[in-house]
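Participant: predicted structure and sequence below. I'll ask about it afterward.
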Amino acid sequence: MEILRGIDLAVPQGQTLALLGPSGSGKSSLMAVLSGLERASGGSLSVAGEDFAAMGEDALATARRGRIGVVLQAFHLLPTMTALENVMTPLELAGLPDAHARAEAELTAVGLGERLHHYPAQLSGGEQQRVAIARALAARPSLVFADEPTGNLDAKTGEAIMDLLFARRAEAGATLVVITHDPALAERCERVIALADGRIASDSTA
Amino acid sequence: MSPWRTAWTIARRDLSARFKGLRLLLVCLFLGVGALAAIGTLTGAIERELNSRGRTILGGDLEVAVWQRSASADETKAFAEQGKVSGGMRLQAMARAGELAAPIELKAVDANWPLVGKLALKDGRSAGAPPAGEAWLAEGAAERLGVSPGGTIEVGTQKLKVGGIIADEPDRLGEGFTLGPVVIVAADFPARAGLTAPGAMYRSKYRIALPGSRDPQKIAANLKKQFPSAGFEAKTRDRAAPGAERFVARMGDFLVLVGLAALAIAGIGIGGGVASYLEARRTSVATLKVLGATSGDIARIYLLQIGVAALVGSALGLVAGVLVTPLLASALGSLLPVAPGLVFDPGALGRSALYGLLIALVFAAPPLLSARRFPAMALFRARVSPLTQNWRDAALPVGLGIAAIAGLALLTTKAKLVTAWFLGGALALLILLGALGWAIRWLAAHAPRPKRPLLRIALANLHRPGAQTGALVTALGFGLAAFVTLAAIQTSLDANIMARVPQQAPDYFVLDVPREKSAEFQQAVKSVAPQAQVRMVPALRGAILAYGPESAMTRVADLKEIPDTAWPLRGERGLTYAEDVPEGNTVTRGQWWPKGYTGEPLVSIDERLAEALDLKIGDRLTIGLLGVERSARIASLRRIDWDSMGFNYVLVFSPNAIADAPHNLAATINLAKGTERGSLLRALVRAFPSSSVIEVGGVLTQARDLLRQVSLAILAAASVAVLAGIAVLLGAIAAARASRTYDNVILRVLGASRRQLLLLQLAEYALLAALLAGVALVLGSGIAWLVVVQLFEFDWLPDWGEVLAVLGLGLALVIGFALAASLPLLGARPAQALREL
């Protein structure tokens, strides 16, 4: 089955981009392909100067290190690790020397300075998503993907989380790709692409 | 940071201090490695002890024994040419002191005894042969006769002063099974006491200490060749206690099998443990991939975690193995020639740990490799869209690992054939159970859909994507088969003890009744016990030297190996002659000789021996009797009722064949109930001082105890495999439950009641267990039969009622545990359970 068809898309460095569309339109698949979490069965893909289409599973994982941050709807924190350890792990995988200090600073920046040693089960949904954002941004990636980052949160917490995500991104000057059903959230992005049936239905830049 | 250090940092962080999720792996490694460590340590200790003490145990480098005579001058000269010789005699005798009498083993030794080691006496002296007119008494003999040093006892026609009580007799183990406590006397005593008259049942032993590094086996073979009719029984220092060694070797084979079985069963548990651990970690693996972990990182992280758990499990197993060795040794008790205490055997422990780690790695490889192959998003989705297993990735490491395990097993065992069979058998079993798992899935998929929804879901659970049917079939198959095996072995051994040790047996065996005093003996018994029944037969000893058709006779000395079924060919055995077919015997082929037969010497032989040696009516048999060869033609074959504990002879000759050889009679005495025994014993000892009386009751108790100990040892060892089986069984159910948690929570959300969910579990496991019960029965009985009949040569007498009851218990355990494992989940509120998914 073909999920994505005829997608022709270029995203400049530093742009904020919202992917809109009904369920099954291919948003998550497009994000998975762009971030190297899935490999496309055809076509070409260049991310930050690297040919993702030609890379294997391990090369993609290495390419993500320090350069791509991913925030998922279900948070996907490592349940056996504390908030601090969750944020430290990608930094350590990338071989960065000051993982502990960076992670601590990042968690403090998202307002969790007091919750460093709590396990995910001891945190609220909003707090878990803040840890996920800290984890995605701690390595100062040039590209951040967020798959419905507020989908599991109430409106107020969701808004606070998005404020945080946009603020941290702006500080880092990273490109941000957000998947959302929320038109208000999409409006905060410089560019909005609507997908339908695996194709780009519309592409508008503010 | 190096990739391994990074991996270790993450692995340590992720690893629960209580090894949550890895406990099945820990338990299985603990059991498997512990069993192997204990077994390796014990057999190693026994072998080392037998090897290092062989010379002391034998009392020299070489021992040559002959029955009913002393060595001839030529033979003595030939022994002396080899090295320093110590000669002596062993015989059953009766000792008395005042009104007390006791059967003893008389050990007459010359001035050179002991060639190796020293005899220690209770008073602290170390001594050699006692001076003329004195004796060293074993504690048991002194107790029964009520004497202490300085006292007097009588043996045969002579008096002896008790010179000391034995504390340690260096060559005790080499003497083998005896029917009474030992009394050591000077070499010339038996003759002076009238115990060596022609025909008396005594054995002369000559121990030789060889100079330098001469090979005792070669010398033994040369001596046998030099004196082919002498009937020499030779033992060498490397096989000082052949009975003990044969038992140890057989027990060793069995223990190796138990160890391998425990490890194979534990291996399944380890595999299940690793697979379920990685399954539980699947989302974490996916998250790590999202965060930039490569397949190498993933492999390193989880390899380190599993490695740590494996090391901890193995280390605990090693400690348990070392600690349990003295317990195992005490369970085997007097069956063992040595009593090892706490032994630390680095070789055995290293091997056990290596087995455990290799097994853990082999079983960890497939799930680890498949986890690293899949993209992160596929791993996230795997709960609803199971990953397809690709065995090609794992084929090489798994193949290499299995080859390494098989190589290690074959290289480090003496029982290579047994081990090779076991490895082949285990592989075949795994394939069989794998195929069965596949067949059950196929059947479940193609069976008509039941109308009842619970049954339909239970049936669907057996074949749907992600079903644990394969793992459960293997674990349940092995686990239930282990139950059946243990029950079948136990009931068979119990029945053997009942059948082999007769409940009805004579009260006394009497040896060396002079043949001319037959009537006097009967009279002596009747005068004290008028109701007693006395049976007497001529008793001789000789060795089979050659057998077969007259034109092509096989000489026993030329045989490279004597098959187990032809045991009468080993050394000398009891011979007799008779006018009539002996009581309890049936002629199955040929003709019994007529009364007063005077023609060509004839012999009647046991039909099982005839079958083992392919002997036919008309073939010839040559025996060595008191150093002289005699031949007879086989006239008939007999079936012997070995269970009747009376006189049972493999070879019965026509009187004209051997009656002229000097010999005595042997007698059995059956007493009427309530007869006073002490007076009969005293009367016999007084009237027949050169005869020896064996109290059958004591021997039977000894035999029963010995068999009970064998049975206990076999069961104790086999229980290790069963324990591993139970651990695997419970582990597989726990793992299957974990994979079913998601479904159960969803079903609860959809309105299923707790009762319905319990019934669903019950239906699924009952379906599976019912299908596997038959397989386990066949499999378990087969393995038990191999152990009981092939390995230990007992009869196959399982109590099927009990076996089925135990199998039922196993099934109840499976179902009970499956239900119990679901209870915590059923008790939880759906919302809470959903949050924990």
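Facilitator: Thanks, I have it.

Participant: now the element after the host helix or strand of residue B:610, going C-ward?
Facilitator: Secondary-structure assignment from DSSP states H and E places residue B:610 in helix B:607-613. Per DSSP H and E, helix B:607-613 leads on to strand B:620-625 as the next helix or strand towards the C-terminus.

Participant: show me what that next one is in contact with.
Facilitator: The set of residues that contact strand B:620-625 without belonging to it, under CB atoms under 8 Å, 6 or more residues apart in numbering or on different chains, is B:229-231, B:540-550, B:553, B:572, B:575, B:603, B:605, B:615, B:629-634, B:651, B:658, B:661. The way it works is simple: take the backbone N, C-alpha and C, and place the C-beta from them, glycine included.

Participant: what do you get for stretch B:670-687?
Facilitator: Residues lying outside stretch B:670-687 but in contact with it, judged by CB under 8 Å, 6+ apart, are B:94, B:96, B:99, B:101, B:506-508, B:510, B:520-521, B:524-525, B:527-529, B:531-534, B:669, B:691, B:693.

Participant: pull up the residues of chain A that are close to chain B.
Facilitator: Within chain A, the positions near chain B by CB under 8 Å from any CB of the partner chain are A:32, A:37-39, A:57-58, A:61-62, A:64-66, A:68, A:70, A:72, A:76-81, A:85, A:89-90, A:92-95, A:135.

Participant: so which of the residues you listed sit within strands?
Facilitator: Among those, the residues falling in strands (DSSP state E) are A:68, A:70.

Participant: are any of the residues of chain A next to chain B buried, and which?
Facilitator: Buried subset of the residues of chain A next to chain B (neighbour count, 16 or more other CB atoms under 10 Å in any protein chain shown): A:32, A:37-39, A:57-58, A:61-62, A:64-66, A:68, A:70, A:72, A:76-81, A:85, A:89-90, A:92-94, A:135.

Participant: just the ones of the residues you listed in helices?
Facilitator: A:32, A:57-58, A:61-62, A:64, A:85, A:89-90, A:92-93, A:135 (DSSP state H).

Participant: which residue packs closest to residue B:627, ignoring adjacent ones?
Facilitator: Take residue B:627 and drop its neighbours on the chain: the residue closest to it by CB to CB, 6 or more residues apart in numbering or on different chains is residue B:230, 5.6 Å away.

Participant: and that neighbour, that's in a strand?
Facilitator: No. Counting by DSSP: H, G, I helix; E, B strand; the rest coil, one finds residue B:230 to be coil, located in no strand.

Participant: give me the number of residues near it?
Facilitator: Burial measure for residue B:230: 23 neighbouring residues, criterion other CB atoms under 10 Å in any protein chain shown.

Participant: what does residue B:528 give?
Facilitator: Close neighbours of residue B:528, defined as other CB under 10 Å, add up to 18.

Participant: for the record, mean pLDDT for the helix or strand hosting residue B:80?
Facilitator: Here residue B:80 sits within helix B:73-82, counting by DSSP H and E. In this model, helix B:73-82 has a mean pLDDT of 92.

Participant: now that helix: buried residues?
Facilitator: Going by neighbour count (16+ other CB under 10 Å), the buried part of helix B:73-82 is B:75, B:78-79, B:82.

Participant: near chain A, from the residues you listed?
Facilitator: With the criterion set as CB under 8 Å from any CB, no member of the buried residues of helix B:73-82 is near chain A.

Participant: and which of those residues is nearest chain A?
Facilitator: Proximity of the buried residues of helix B:73-82 to chain A was ranked by CB to the nearest CB; the top entry is residue B:82 with 73.6 Å.

Participant: what sits closest to the closest one if chain neighbours are left out?
Facilitator: residue B:208 (5.1 Å).

Participant: A strand includes residue B:204, no?
Facilitator: Yes. With three-state DSSP as the criterion, residue B:204 is located in a strand.

Participant: give me the mean pLDDT for whichever strand or helix holds residue B:718.
Facilitator: Taking DSSP H and E as the definition, residue B:718 sits inside helix B:696-749. If you average the pLDDT over helix B:696-749, you get 71.
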